[in-house]
Structure formats: C-alpha cells, structure tokens
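Undergrad: please find the sequence and the predicted model below.
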Amino acid sequence: MKAYHSKQEIKDFYLQRMQAHYDADEIEKGFYWKGGKGCAVGCTLHSGDHAAYESELGIPRIIARLEDGIFEGLSNERAKEFPLQFLVAVPVGAAADAAAYAAADADAYAAAYAARTMSRAIQADKLLKLLKEAS
C-alpha cells in the first residue's frame with residue numbers, strides 16, 4: 001500500500017476537504033460525523049470508518065486510529081489544526097504500513113504512548129515527525 005495511492009490529486013482532494021472544514025470551524029471532538037461537522041476521521045472521510053483510510057487514502061487504519069486517539073486528547077485549539085497537519089505530513093507514495101511509519105523509534109514511541117507518559121501534544125508532534133520521515 002502506498003500513501004494516497006501514489007497520486008498527488010488524492011492528497012489534494014483530502015487537503016482541500018479538510019481545509020474547508022477548518023475554515024468553516026467544523027472540526028470538533030467527541031463524535032465522528034454529524035451535520036457537516038466531525039472529528040479528524042469524520043472530516044477526512046465524512047464517516048467514522050477508520051478502515052476507509054486504506055481504500056480511500058492508502059493509509060493503514062491503525063494510523064487512522066492513532067490520529068483519532070491523539071486528536072481527541074488534544075486541546076480544542078490544537079485539535080482543530082491537527083487533522084490538516086496530519087494530511088500534510090504524509091508524503092505521497094510513502095510506504096504505507098504501520099512499520100514504515102514507526103520504524104525510526106517504534107519501541108520507545110509505542111511504550112510511551114501505551115504508558116501515556118507523553119502529553120497528547122507531544123504525541124501529535126511525534127506522529128507528524130514520523131509521518132514526514134516515511135518514505
């Protein structure tokens with residue numbers, strides 16, 4: 001699987017969609033998709049189906065779940081910015097498997113995430129860095 005199925009136009013579509021939700025102040029925590037508003041996953045897909053990240057964006061559902069979990073734990077201000085940052089960070093055509101994204105320091109990151117030793121903001125920054133480094 002390759003991120004955005006190796007097509008810039010797919011990334012552009014989702015970036016434009018998310019930017020429109022951001023501009024309209026429609027990114028909210030606590031639910032997936034309702035009345036044109038939603039969370040990170042909801043505003044990306046217009047549903048709550050994490051598995052659709054694989055078919056629509058070429059991104060593993062485990063990464064979508066990680067994005068979702070971090071999003072819900074961020075401050076409202078940071079949460080509104082995070083979904084767009086997430087989509088920007090994923091390189092078109094990157095090897096899109098969970099191992100590729102986390103290869104840099106998977107053990108330390110997974111342990112810290114599981115133990116909740118990092119704040120959600122730090123987790124968000126860490127995930128964005130790992131996504132940008134994926135190739």
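TA: Okay, I see it.
Undergrad: can you show me the helices along the protein?
TA: Here the chain has its helices, by DSSP state H, at 8-23, 40-45, 52, 61-73, 76-89, 98-102, 106-115, 120-133.
Undergrad: what about the fifth one, distance to the chain center?
TA: Taking CA atoms, centre = their mean, to the nearest Å, one finds helix 76-89 lying 8 Å from the centre of the chain it belongs to.
Undergrad: same for it, what does it pack against?
TA: helix 8-23, helix 40-45, helix 61-73, helix 120-133 (3 or more CB pairs under 8 Å, 6 or more residues apart in numbering; DSSP states H and E). Placement of C-beta: from N, CA and C, glycine included.
Undergrad: cool, and the longest one?
TA: In this structure, helix 8-23 packs against helix 40-45, helix 76-89, with contacts taken as 3+ CB pairs under 8 Å, 6+ apart.
Undergrad: what about the closest residue in space to E56 that isn't next to it in sequence, neighbour count?
TA: Closest residue to E56 apart from its sequence neighbours, by CB to CB, 6 or more residues apart in numbering: L45 at 6.5 Å. Using other CB atoms under 10 Å, L45 has 21 neighbouring residues.
Undergrad: picking up where we left off before, among the helices and strands packed on helix 8-23, which is the most enclosed?
TA: helix 40-45 (a mean of 25; mean count of other CB atoms under 10 Å).
Undergrad: report pLDDT for A121.
TA: On pLDDT, A121 comes in at 74.
Undergrad: go on, L127?
TA: Confidence score, pLDDT, at L127: 76.
Undergrad: just to check, it is in contact with Q85?
TA: No - between L127 and Q85 there is no contact, the gap being 9.4 Å when judged by CB atoms under 8 Å.
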